[in-house]
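Undergrad: Need the 3D shape of this:
(one chain, ligands or ions: 1)
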Amino acid sequence: MERLFTFLLSEQHLRSHVTVVLQAFLFAALAIFFLSRNKWSIPLRIVLFALLVSIADLTIFFDTFWSTYPNLLWNFPQPTTEITGLLTFCFAVGAAYFYLNVRRSIKTAIMSGALLSFGMAFSAFDILVATVSPATLAYDLSAVLIVLVIGATLCAFAFWELGSALAARPRLVASILLAFALALLPLGSMGSILPFDQWLTVIQTPDSALFSPLSVLCLSGGLAMVFLLCVASLLDIRVATSQQREGDRMRHLADGTFEGILISRDDVVMDANLSILEMTGLELNDIKLLRVPDLFSGGFGAQKDMASVLTGRIGAPEQLELLGPGGRRIPVEVLSREVPYVDGQATVVAIRDVTERKAAEDYIRYLAMHDTLTALPNRRGLESVLGQVIEHALQHGTMAAVLGLDLDGFKAVNDSLGHHAGDKLLKEVAVRFQAQLRDTDYIARLGGDEFVIVLRSVADIDDAIHLAKRLIACLWQPFALGGHDVYVGVSIGVALCPRDGDNTQMVLKNADIAMYQAKIKGKGQVYEFQAGMETAVQERHDLELDLRAALGRSELRIYYQPLFDVSGVITGFEALARWPHPTRGMIPPDRFIPLAEETGLIVPLGEWVLKTACGVAAGWQSDVSIAVNLSPTQFRRVDLVNTVMKTLEETGLQPSRLELEVTETLLMEDVPKALALVRDLRALGVRVALDDFGTGYSSLAYLHNFPFDKVKVDRSFINKITNDPNAWTIVESIIVMSHKLKLRVTAEGIETGAQLSLLAEHGCDEMQGFLLGRPMPESQASSLIESLKNLHSVS
Ligand SMILES: Nc1nc2c(ncn2[C@@H]2O[C@@H]3COP(=O)(O)O[C@H]4[C@@H](O)[C@H](n5cnc6c(=O)[nH]c(N)nc65)O[C@@H]4COP(=O)(O)O[C@H]3[C@H]2O)c(=O)[nH]1
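TA: Numbering: from 1, shown residues only. Model prediction:
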């Protein structure tokens, strides 16, 4: 040891040290650079590294030798120099091979370091031994071993650092460490021998081969290496145990999460938690053999997303599909991050199963696009599909049809049987409509009783009209709702695109206009959209607004039409609403009563007529009756008995003077309720007449079952009785049968004397018609009562 320090500190010039260090740094930096060039082939990297190290070793050795013994006349011993140079090269090859090909561990690093340092130290000794031979080289064994161990340690650290994924500047540190080893080994080896001038004097006799310095060096070097490897193995075991512990700790942590966790390096799965094993149905050992991309399906444009997952550089979660058991695709959200793991960097991939969330999202999307009652698409769904259909028609020059459907009589069902029955009806209607459609047709419910059907491709309007007729016919059969047979119809409007519009709004609007037209023209019909139709619909809309305003301003009037008995005595008046419109003139009830019924305005209108007519009649100085029409809508929506009772109280009219006219439509909707109503009204003392008999079903059963006071034969029969024997036969039968049932009979619409005589002859009880008196204002009705009273009192 002492010898070594003497050599290094006092026998060497500073200049020599500087030269050695500079050479060592230069060669070390180059050797490390070549060794770490990942893009080059491994054999090339090994050869270049070994070449540079062996050249550096010999260069530094000879340089030091000559600077230590400048006056010594000495030649390279040959071929020893070449052979040892080759040996150093081989050891360096071995060291680099271990470093590059054997799994990274402390043992591998020490093995590489020991091989490299032994090769460099051996070459120095071998050349010196060859130089002094046949005399024996005198050396300090402890110094030799220290040089060897320090050199091996420096080289081992250099390899360790270079292979560390976590090191900040692995190449620089490795270069510095190798440079120190390159400087130390030739210098230290030389410093471990006695001064040159003492060599020949110290030991004159040649060594036996067994105890030659080289044998001792090999043996002690070997022992030092074994020692170092044992220490390294122990360290490796400790490191492996701690890595195992760290791995286990991470897995326990990962197993505790609900998310799937994968740890990967270079795309290959290193570890996985329980959740991901459950999701994929794989065993831990099996998943560890796989590459991360193998776990995902190729869909979702996964290539790009997968690349960002694997680099661990994800800003926001990627949406991918994990392959589950049996190839099932599980929608997942994937996040990844680079983390230090065990002995280097790794990518942690967190995989969250979003099946439930996706299902919830899908359901929300479904709800947004569908009607929950009928499960048909709603307006939003329709608009998105219709948009595509129109676009396709425009692009390909084809034609599509849009059918706007509105049920006739649905409100009546809803009002009379309740919303529950209304809902059931809508569902059944939807099923019947769907049964008429082809797979390519599309049906949506827009709300209420409005449906829309889209025919993606039609040859001409007839295709749509044929379907519309089938749709109308499919509702002819009654619907069984809560023990009732319920009838509804449908009015249909058809618009073609692009003919009637090249955008969703316009086509839907025009189908709607055509549908309104069908409604106005008598319901249960199909109408094709035609230019100008919107004016009619607009007019109807305006009329509705005007009617609402007229009611608010009490602009409506009541006209009174007299009814007479066969002897010409006035028996009563029928109250008939009139609308003197400020600009359109007098609007007849046939135009505004159906509108009022559709819009619900009939309720306030009917109440107003009842109250006004009763008030007027109460003021007459006579006991003539007053007849008021009741609409089916009033029957459904209003507590009629109560309303009538209150009106009688308020106006002071005697109940027996009030006659309420109901139609068959009202009775048909809900027979038990209608029966109860008629009974309750009669219990008040009010009379009830069946109006327009002969027009609807003219069910004789109604006459029998309902406690009516009178039947009014419709004017459409009366005006034919004198020239149509069949019409007269029917009227005559009604009169006979009604009398048998103890019902009075009124004939309305008498316009000729012949009609009057025929009816009077056959016992008709009451007459009404233009022949006897037209509907007149209140003042005229009062005068008529007065004049007829005077006439009768005179006669
Ligand atoms: N061509 C002809 N017609 C005759 C003759 N005699 C009477 N009329 C008409 O026949 C209708 C009789 O009333 P309705 O059958 O109840 O039929 C009424 C009734 O159903 C309804 N209506 C009128 N006012 C009211 C009302 O206040 N409430 C309700 N719910 N409906 C009303 O409007 C319908 C039509 O009423 P109006 O136009 O006033 O028509 C009245 C009357 O003017 C005749 O000899 N020849």
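
Undergrad: Remind me what the helix or strand harbouring residue 126 packs against, helices and strands.
TA: For residue 126, the element it lies in under DSSP states H and E is helix 106-132. Packed against helix 106-132 by the contact rule (3 or more C-beta pairs under 8 Å, 6 or more residues apart in numbering; DSSP states H and E) you find helix 42-68, helix 80-101, helix 141-162, helix 170-191, helix 213-255. Heads up, the C-betas are built off the backbone N, CA and C, glycines and all.

Undergrad: Who are the contact partners of the residue of the stretch 201-350 of the chain found nearest the ligand?
TA: For the stretch 201-350 of the chain and the ligand, the shortest gap (C-beta to the nearest ligand atom) falls at residue 331, measuring 60.9 Å. Contact analysis of residue 331 by C-beta atoms under 8 Å, 6 or more residues apart in numbering lists 319-321, 353-355, 358.

Undergrad: ChimeraX command to pick out the buried ones of those?
TA: Applied in ChimeraX, the following selects the buried portion of the contacts of residue 331 according to 16 or more other C-beta atoms under 10 Å:
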select :320,321,353,354
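
Undergrad: Looking at the contacts of residue 331, which is nearest residue 370?
TA: Checking those against residue 370 with C-beta to C-beta, the nearest one is residue 358 at 17.6 Å.

Undergrad: Kindly confirm my reading that that closest one forms part of a helix.
TA: Yes. According to DSSP: H, G, I helix; E, B strand; the rest coil, residue 358 belongs to a helix.

Undergrad: Next one: it from the ligand, what distance?
TA: 56 Å (C-beta to the nearest ligand atom, to the nearest Å).

Undergrad: Now do the same contact list for that residue.
TA: Residue 358 makes contacts with residue 331, as judged by C-beta under 8 Å, 6+ apart.

Undergrad: what do you get if the cut-off is 10 Å, keeping everything else the same?
TA: Going by C-beta atoms under 10 Å, 6 or more residues apart in numbering, residue 358 touches 319, 330-333.

Undergrad: How about the contacts made by the closest residue to residue 520 other than its chain neighbours?
TA: Distance criterion C-beta to C-beta, 6 or more residues apart in numbering; nearest residue to residue 520, sequence neighbours excluded, is residue 540 at 6.3 Å. If a contact means C-beta under 10 Å, 6+ apart, then residue 540 has 516-517, 519-520, 591, 595, 598 as its contacts.

Undergrad: Go again with 8 Å.
TA: Contacts for residue 540 (C-beta under 8 Å, 6+ apart) come out as 516, 520, 595.

Undergrad: Flag every buried residue along stretch 441-451.
TA: Residues of stretch 441-451 classed as buried: 441-446, 449-451 (neighbour count, 16+ other C-beta under 10 Å).

Undergrad: Same check on stretch 784-791?
TA: In terms of neighbour count (16+ other C-beta under 10 Å), stretch 784-791 has its buried residues at 784-785, 788.

Undergrad: what's the spacing between the helix or strand hosting residue 415 and its chain's center?
TA: Per DSSP H and E: residue 415 is located in helix 410-417. Centroid displacement of helix 410-417 relative to its chain, using C-alpha atoms, centre = their mean, to the nearest Å, is 36 Å.

Undergrad: buried set for it?
TA: Buried residues in helix 410-417, defined by neighbour count with 16+ other C-beta under 10 Å: 410-417.

Undergrad: List the contacts of the helix or strand just after it.
TA: Remark: after helix 410-417, the chain's next helix or strand is helix 419-435, criterion DSSP H and E. Residues from elsewhere that reach helix 419-435, judged by C-beta under 8 Å, 6+ apart: 373-376, 405, 407, 410, 413-414, 443, 445, 449, 451, 453, 471, 474-475, 479, 481-482, 486, 488, 490.

Undergrad: Let's see that with 7 Å instead.
TA: Contacting residues not belonging to helix 419-435 are listed as 373-374, 376, 407, 410, 413-414, 443, 445, 449, 451, 471, 474-475, 479, 481-482, 486, 488 [C-beta atoms under 7 Å, 6 or more residues apart in numbering].

Undergrad: Dihedrals phi and psi, the closest residue to the ligand within the stretch 251-400 of the chain?
TA: Nearest residue of the stretch 251-400 of the chain to the ligand: residue 373, at 32.1 Å (C-beta to the nearest ligand atom). Per-residue torsions, residue 373: phi -70, psi -50 (degrees, to the nearest 10).

Undergrad: before we move on, the earlier item: could you redo the helices and strands packed on helix 106-132 as a markdown table and give each row distance to residue 730, mean neighbour count and mean pLDDT?
TA: A markdown table is the format used below for the helices and strands packed on helix 106-132 (distance: least, C-beta to C-beta, whole Å; neighbours: other C-beta atoms under 10 Å; pLDDT from 0 to 100):
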| stretch | distance to residue 730 | mean neighbour count | mean pLDDT |
| --- | --- | --- | --- |
| helix 42-68 | 113 | 20 | 87 |
| helix 80-101 | 114 | 20 | 87 |
| helix 141-162 | 116 | 22 | 84 |
| helix 170-191 | 113 | 24 | 85 |
| helix 213-255 | 90 | 15 | 73 |
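
Undergrad: got JSON lines for those, with distance to residue 531 too?
TA: Listed next are the helices and strands packed on helix 106-132 as JSON lines, based on distance: least, C-beta to C-beta, whole Å:
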{"stretch": "helix 42-68", "distance to residue 531": "84"}
{"stretch": "helix 80-101", "distance to residue 531": "86"}
{"stretch": "helix 141-162", "distance to residue 531": "86"}
{"stretch": "helix 170-191", "distance to residue 531": "83"}
{"stretch": "helix 213-255", "distance to residue 531": "71"}
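
Undergrad: Distance of residue 106 relative to residue 81?
TA: For residue 106, the distance to residue 81 (C-beta to C-beta, to the nearest Å) stands at 35 Å.

Undergrad: How about the contacts made by the residue of the stretch 251-400 of the chain closest to the ligand?
TA: The contact partners of residue 373, taken as C-beta under 7 Å, 6+ apart, are 423, 426-427.

Undergrad: Up against the ligand, what does the protein have?
TA: Contact residues, the chain versus the ligand (C-beta under 6 Å from any ligand atom): 561, 576-577, 588-590, 593, 606, 609, 629, 631, 661, 691-692, 715, 748-751, 768-770, 775.

Undergrad: are any of these buried, and which?
TA: For the residues of the chain next to the ligand, a burial check counting by 16+ other C-beta under 10 Å picks out 561, 576-577, 589, 593, 606, 609, 629, 631, 661, 691-692, 715, 748-750, 768-769, 775.

Undergrad: Among those, which lie within strands?
TA: 561, 576-577, 629, 661, 691-692, 748, 768 (DSSP state E).

Undergrad: if you skip the residues just before and after it, what's nearest to residue 457?
TA: residue 398 (5.2 Å).

Undergrad: Just confirm the one you found is within a helix.
TA: No. Counting by three-state DSSP, residue 398 falls outside a helix, being coil.

Undergrad: For burial, what's the neighbour tally of it?
TA: Residue 398 has 15 neighbouring residues, counting by other C-beta atoms under 10 Å.
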